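Colleague: one predicted model, sequence on top.
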Amino acid sequence: MIPMFPLTYYINAMFLNFVCSSIVTLLVLSIKRDSRVVKLFAIFTGEIAIWSFFYWISLVVSDARAAELLFRACMVPVTLMPASFFHFITELSRVRVSRKTHYANYSLAAFFLLTVYTRLFAVATMKPVFVFPYWPEPGPIFPFHVAHFVGVVIVTHVLMLKVIRRADSQAFKTQIAIVFWGTLVAFGSGITNYLTWYRIYPPIPSPIISFYTVAILYAVFRHQLMDIRVIVRRSLIYSILIASITAVYLVMVLVMERWFQGFFGYRSLVATLIVAFFVAIFFDPLRSRIQGFVDHILFKATPVELAEQREQLLAEVRRGEQMKAVGTLAAGLAHEIKNPLASIKTFTEHLAQHHDDPVFREKFQKIVGGEVERINAIVQQLLEFAKPVPPKLIPVNVSQLLDETLEFLSNECVQRKVELRRHYTASGLVLADPQQLKQVFLNLLLNSLQAVNGHGELDVSTVISGNELEVTVADNGAGIDPKNLPHIFEPFFSTKPAGTGLGLAVVQGIVKEHQGRIVVESRLGCGTRVSIQLPVTT
Amino acid sequence: MAQARILIADDEEGIRESLSLILSDDYELEFAKDGEETLTKLSNDHFALVLLDIKMPKLDGLEVLRRLKNSNGSTPVLVLTAYQSVELAREAVRLGAMDYLPKPFEREQILSAVRGVLVRK
């Protein structure tokens, strides 16, 4: 006696198959559409979805002719499946296959496709078979299609086994292994439909085919199959599972209610409460078990371990950024020092030849001496930048400090014919190192004076905003090129002929040490405005 | 025989003086301190060769090369720079530089490169 499932089982199973295959296809395409292997996968799962859809519909129609047309429609993707499955797997496994092999496979599939709506493929008569009210009879071409389908499926799975055995990378091995088992189970179930065509056996229940969707999704989420990287929040998984468990428990409560009513003839609130009480007792332990199961299967670590892994990753990223910064600094330093070194080298090489030339000796003194001083200044600034001296914080009157700095620059202002305007509306004190803050102001004011370049204006102002004191230095000079603006605080970045490029980097460092912020706004041809916000001391 | 005229474009006085020491015995030298001055001198006068720095104010060396290329300038250019970057070297050559010399430089390296360019010309 052949065991049989009821027809409704097959109908529901094919519907489930259709839904699962469609979801997987759309999900994968929505995450990554530009990859070749993803497109091939989408074609393959799309074929399964279409097959499932027409198969499902063909089982519910009551008309033989409609059933026949739908059966033929569901065989259309099946004729193409061997070629697309083989193509997908060879692409996924990175196995080189000649184009001729693919062309031959696709040509054979196309041939069978062309015969699907003919008597060669399937006879038009639809007869009841097992639990199915209508099922076609195979035509003369049909066995060749079956041979093609089964043959390619076997060859492809053997290929996957070879790839798994030869793979160097464990991650790659795992990916292919998951696909292997998922598709093996799915095809193993699906191929039994051919037995039904020859009235040998009813097909193995089709929900098993949906197993491959679970396998693929697991491989995508957990093992980045097809290089698809998806960040799944643990909380989302938990929420879905908890919602599912809650739904099950609610159903249990309702079922118990109905049973009680059916048995005793009336509803009892006490009975409902007792059931709910037992549900509540078992809810929390079950929830913990499920969370542990999810951690183990999907995330392979407890929350503490995951937090540690995250910290490690962050530390690696920070180290990478630091190395990058050190690299940039080293390149900038090398460039700044190589110029003076070139001059020193050339002049010392020519010393023996020209030492009795007074003009040469004068130039030697000037150039070599100057370049040595320059190298010294660069190294000194670099030390200040790399290892800033911790500020000695005392309450400082910023307006007074600004006045002292401007006094120091008064000659410069006169020489450059710069009109200086001061607007001090704030009289607050800040906790600061007066020497370092003076260095900041000096740097900013000098930059503005150099930018103005004769008959310009320089505005210096202070204002209290909340619990911050804002110092602004604004000029109507040349302004900063927008393409340079993002780089002005980078070490060794300079647009000035004699600039080392460390001034603003040091300024930014000092401001940060004082728990402050610095903002620069500039427009080419209109001027630059630099604002520093410092916390006010009470 | 008239000496070949070479334009030395570098914003660093030390570099200009160094190159002058190396080349002044054999060539007539002219100097420019920034990119704009370099282009002005090239448009007003004829030079057999330009020794061009990359990092200069107003217009950097690559922009000078770009503008020379766009105006179909035929003066050969040797790029001298303290930046050691393969990308920069490629870009300079792509924009028409004949060669790319690092700083600090050797006397013989400069003389050989200059002679090589002038002979080819």
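Modeller: Good, I have the coordinates.

Colleague: grab the nearest non-local neighbour of residue 49.
Modeller: No chain in the question, so chain A it is. residue A:21 (3.7 Å; C-beta to C-beta, 6 or more residues apart in numbering or on different chains). Every C-beta, even on glycine, is put in place using the N, C-alpha and C of the backbone.

Colleague: actually chain B
Modeller: In space, residue B:49 is closest to residue B:6, 4.9 Å off (C-beta to C-beta, 6+ apart).

Colleague: returning to what we had before: am I right that the residue nearest to residue A:49 is in contact with residue A:42?
Modeller: No - in this structure, residue A:21 is not within contact of residue A:42 by C-beta atoms under 8 Å, at 10.4 Å.

Colleague: three-state assignment of residue B:3?
Modeller: coil (DSSP: H, G, I helix; E, B strand; the rest coil).

Colleague: state the distance from residue A:442 to residue A:117.
Modeller: 88 Å (C-beta to C-beta, to the nearest Å).

Colleague: right, I mislabeled it, should have said residue B:85
Modeller: Taken as C-beta to C-beta, the span from residue B:85 to residue A:117 is 66 Å.

Colleague: so how far is residue A:378 from the closest residue to chain A within chain B?
Modeller: Chain B approaches chain A most closely through residue B:14 (2.9 Å), counting by C-beta to the nearest C-beta. Separation of residue B:14 from residue A:378 (C-beta to C-beta) stands at 14 Å.

Colleague: so those two - more neighbours on which side?
Modeller: residue B:14 (23 against 19; other C-beta atoms under 10 Å in any protein chain shown).

Colleague: now do the contacts for that one.
Modeller: Residue B:14 sits next to A:339-340, A:342-344, A:367, A:370-371 when contact means C-beta atoms under 8 Å, 6 or more residues apart in numbering or on different chains.

Colleague: next: residue A:52.
Modeller: A:14-15, A:17-18, A:21, A:74, A:206, A:209.

Colleague: a markdown table please, covering the residues you listed and showing pLDDT and neighbour count.
Modeller: A markdown table is the format used below for those (pLDDT from 0 to 100; neighbours: other C-beta atoms under 10 Å in any protein chain shown):
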| residue | pLDDT | neighbour count |
| --- | --- | --- |
| A:14 | 87 | 26 |
| A:15 | 87 | 19 |
| A:17 | 86 | 27 |
| A:18 | 88 | 22 |
| A:21 | 86 | 26 |
| A:74 | 91 | 21 |
| A:206 | 64 | 26 |
| A:209 | 71 | 27 |
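
Colleague: enumerate every residue touching residue A:47.
Modeller: Residue A:47 touches A:77-78, A:80-81, A:84, counting by C-beta under 8 Å, 6+ apart.

Colleague: which helix or strand contains it?
Modeller: helix A:36-60 (DSSP states H and E).

Colleague: which secondary structure element of the chain has the lowest mean pLDDT?
Modeller: In the absence of a named chain, this looks at chain A. Ranking every helix and strand in chain A by mean pLDDT, DSSP states H and E puts helix A:234-264 at the bottom, with a mean of 66.

Colleague: if you could check chain B rather than the one you did, that'd help
Modeller: Going by mean pLDDT, DSSP H and E, chain B bottoms out at helix B:86-94, a mean of 83.

Colleague: anything in that one near chain A?
Modeller: No - using C-beta under 8 Å from any C-beta of the partner chain, helix B:86-94 never reaches chain A; the gap is at least 10.7 Å.

Colleague: one step back: next up, the contacts around the residue nearest to residue B:49.
Modeller: Residue B:6 neighbours (C-beta under 8 Å, 6+ apart): B:23, B:27-30, B:47-51, B:114.

Colleague: in chain A, which residue sits nearest chain B?
Modeller: For chain A, C-beta to the nearest C-beta, closest residue to chain B: residue A:343, 2.9 Å.

Colleague: just send the contacts of residue A:47 back as CSV, with neighbour count too.
Modeller: Formatted as CSV, those follow (neighbours: other C-beta atoms under 10 Å in any protein chain shown):
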residue, neighbour count
A:77, 21
A:78, 23
A:80, 21
A:81, 23
A:84, 22
